[in-house]
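**Student:** coords please:
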Amino acid sequence: MKGLELSERFFLTHGAPMLRSEFPHLEGLLAVGLAGSGSECFGFDDGISHDHDFEPGFCIFLPDEDLIDSRTEFALERAYAKLPREFMGYRRQPLSPVGGNRHGVIRMSDFFRDKTGTCDGSLTLRDWFFIPEQSLAEATNGKVFCDGLGKFSAIRQALAYLPEDVRLKKLAGELLLMGQAGQYNYPRCISRGDTAAAQLSMAEFVSHALHAIFLLNRRYLPYYKWSFRALRELPCLASLEGKLEFLISSANTPDEVLQKKDFTEQICASVTDRLRAQKLTAFAGDAMEGHAHEVNDRIRDADLRNLHILYGV
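**Tutor:** Below you'll find the model as predicted:
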């Protein structure tokens, strides 16, 4: 069973009745759901995920103390701790006395401060560049089962994706580094017989290509170990998964080198087609560097546009 489904069933079976009977006056103030760290919040969990941090549990997100004071918070924590220790064959883990738990009672402000550095997700244009996208993904993933105030959901909606100028600045940098690593450095390293450097070049190319693909899909790039898993679910360019995997999992025999060079150009061509579909480039050549500068030129904010092209990387 997937963690999100287990969480929602546990809430509906035990959590919701507990809140209705013990805290009916809080019904319009709480948000309940499962979001944040953990593969289950992305729907990426499997049988192997069950060996750690997998349990029937959910999060009760509280507004600030002017609406729910610390005494009520403590009472909610105690009530949550008393919920059944086992559900559908899965055991709950003991709550840590020093915090850091993924489930239980959490202040909304603490949740968003941990993910974005601000208590309510309010970010300036520059702020967006200094928050890892995996953190933004964790702030907006999972599922909200109920939200009395609507505040928690509203903040998540505001963080749903990058402002367009930020997306373009990041995309321009990723395209430039794609070309540098795959179209330029890899062939040169092979020519020198430096296969270690060549392999690193391919790894760099794939890393930047993945990020560019997510940016073109307007999706946050998750933690690196989930990037290929998330790639399969993207609306466009998901078909590049096999080629990208080959580039970092193959050796550098003469035949593999030819295949890598061919796949690199195919990937660049597919990304370029998507850039044109989004009207982000008019560059006629194959070099990703040319497309990178075209994308940068489309940034509306003059100050951001004039920053170094790699500012967003």
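**Student:** shaky segments in the protein?
**Tutor:** Scanning the chain for pLDDT under 70 picks out the ranges 49-53, 95-101.
**Student:** Most remote residue from the middle of it, which is it?
**Tutor:** Among residues of the chain, the one most distant from the C-alpha centroid is Arg192; the distance is 37.6 Å, by CA atoms, centre = their mean.
**Student:** which residues does that one contact?
**Tutor:** For Arg192, the contact set (CB atoms under 8 Å, 6 or more residues apart in numbering) is empty. Any C-beta I mention is one placed from the backbone N, CA and C, and that applies to glycine too.
**Student:** 10 Å - rerun?
**Tutor:** Residues near Arg192 by CB atoms under 10 Å, 6 or more residues apart in numbering: Ala198.
**Student:** so where do the strands sit in this structure?
**Tutor:** 31-34, 59-62, 86-87, 90-91, 104-107, 143-147 (DSSP state E).
**Student:** Tell me which of these sits most buried.
**Tutor:** Greatest average neighbour count among the strands of the chain goes to strand 59-62 (a mean of 25), per mean count of other CB atoms under 10 Å.
**Student:** ok, Lys2 - how many residues close by?
**Tutor:** Lys2: 14 surrounding residues under other CB atoms under 10 Å.
**Student:** So it is in contact with Gly38, correct?
**Tutor:** No. Lys2 sits out of contact with Gly38 when judged by CB atoms under 10 Å, with a separation of 11.7 Å.
**Student:** What count of nearby residues applies to Arg300?
**Tutor:** Residues near Arg300, counting by other CB under 10 Å: 9.
**Student:** that older thread, and the gap between the residue farthest from the centre of the chain and Ser39?
**Tutor:** 40 Å (CB to CB, to the nearest Å).
**Student:** tell me how far stretch 59-67 is from the chain's mean position?
**Tutor:** 25 Å (CA atoms, centre = their mean, to the nearest Å).
**Student:** Any chance of CSV for the strands of the chain, columns distance to Asp286?
**Tutor:** As requested, the strands of the chain are exported to CSV (distance: least, CB to CB, whole Å):
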stretch, distance to Asp286
strand 31-34, 45
strand 59-62, 48
strand 86-87, 56
strand 90-91, 52
strand 104-107, 49
strand 143-147, 43
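**Student:** Show me the one of the ones you listed that comes nearest Ala282.
**Tutor:** strand 143-147 (41.2 Å; CB to CB).
**Student:** partners of that closest one, with directions?
**Tutor:** Strands adjacent to strand 143-147 in the sheet, as given by DSSP bridges, are strand 31-34 (antiparallel).
**Student:** For the residue nearest to Ala158 when sequence neighbours are not counted, give me phi and psi.
**Tutor:** Distances taken as CB to CB, 6 or more residues apart in numbering put Gly121 closest to Ala158, at 5.6 Å, once the chain neighbours are dropped. Main-chain dihedrals, Gly121, degrees, to the nearest 10: phi 70, psi 10.
**Student:** Surely Gly121 touches Ile155?
**Tutor:** Yes. In this structure Gly121 lies within contact range of Ile155 using CB under 10 Å: 4.4 Å.
**Student:** what do the two both touch?
**Tutor:** Residues touching both Gly121 and Ile155 (CB under 10 Å, 6+ apart): 108-109, 111-112, 139-140.
**Student:** Now for those residues: which two are most distant?
**Tutor:** Using CB to CB, these span at most 16.4 Å, a distance reached by Ser109 and Thr140.
**Student:** which helices and strands does the helix ranked longest in the chain pack with?
**Tutor:** Secondary structure of the chain per DSSP state H: the longest helix is helix 254-277. On a contact count with 3 or more CB pairs under 10 Å, 6 or more residues apart in numbering; DSSP states H and E, helix 254-277 meets helix 164-178, helix 186-192, helix 195-216, helix 241-249, helix 288-297.
**Student:** Same list, those helices, but as JSON lines with distance to Arg85 please.
**Tutor:** Shown next, in JSON lines, are the helices and strands packed on helix 254-277 (distance: least, CB to CB, whole Å):
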{"stretch": "helix 164-178", "distance to Arg85": "45"}
{"stretch": "helix 186-192", "distance to Arg85": "54"}
{"stretch": "helix 195-216", "distance to Arg85": "39"}
{"stretch": "helix 241-249", "distance to Arg85": "41"}
{"stretch": "helix 288-297", "distance to Arg85": "53"}
